[in-house]
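Colleague: need a structure here:
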Amino acid sequence: MKVKVWRCRICGDPYIGAEAPTHCPFCGAHSEHIILASDWDDPRVASLSDTDRGNLEKALKIEQSNTAYYRCSAGKAEKAGDFEGFATFKALSKVENEHASTILKMLGLPKPDKEHTEECHDAYVDNVKESLKREKNATKFYAESASAATDPRVKEVFAALSTIEADHIQLDEDKLAKLEE
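Modeller: Next up is the predicted model:
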């Protein structure tokens, strides 16, 4: 098999593999957003409308908050010896952080000097319930922002984020169902 270089249209990160991944390993975007790196055309936004800028700024706050929340949740799970919970929350933290980085680039802002912090629960089940609430809010906001977007690139990113966060809802719902068994 010949190895190729792929690139995600949402976060821009490259991936090396024989086939395109089903989901971006960095931001979670679905396969329709994965292209050959040779087909890459930098999809930067030239200028943002007030609506798009405002929605991106709100999205940045959501993603920074969720990154910090998941980082806290991963730490609590690790201390409790719950390695599946640790892995889940660590992965979610990385994905949400990638979303924040993508939004920072779209806004033309540098990465903040100081990391955002959030408190979380001690109990894994409570962190999953909070995660579900956060993901539902994010999914709804991103779907609305995609509909309101005036720039095609902003619309594409918000639509992809809505889909990615919906995947996280499914993950949380599956975790809660398993915990209730």
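Colleague: how far away is K58 from N66?
Modeller: Using CB to CB, to the nearest Å, one obtains 13 Å as the distance from K58 to N66. From N, CA and C alone the C-beta is placed, and that goes for glycine too.
Colleague: ah, wrong one, I meant D174
Modeller: 19 Å.
Colleague: ok, now M106?
Modeller: From M106 to N66 the distance is 17 Å (CB to CB).
Colleague: what about those two, which has more around it?
Modeller: Taking other CB atoms under 10 Å, M106 and N66 do not tie; N66 has more neighbours (26 against 21).
Colleague: next one: whichever strand or helix holds that one to chain centre, how far?
Modeller: Assessed by DSSP states H and E, N66 sits inside helix 50-79. Relative to its parent chain, helix 50-79 has a centroid offset of 9 Å by CA atoms, centre = their mean, to the nearest Å.
Colleague: immediately after it, which helix or strand?
Modeller: helix 83-107.
Colleague: now the angle from that next one to helix 50-79?
Modeller: 160 degrees (axes from the mean of the first three to the mean of the last three CA atoms, to 10 degrees).
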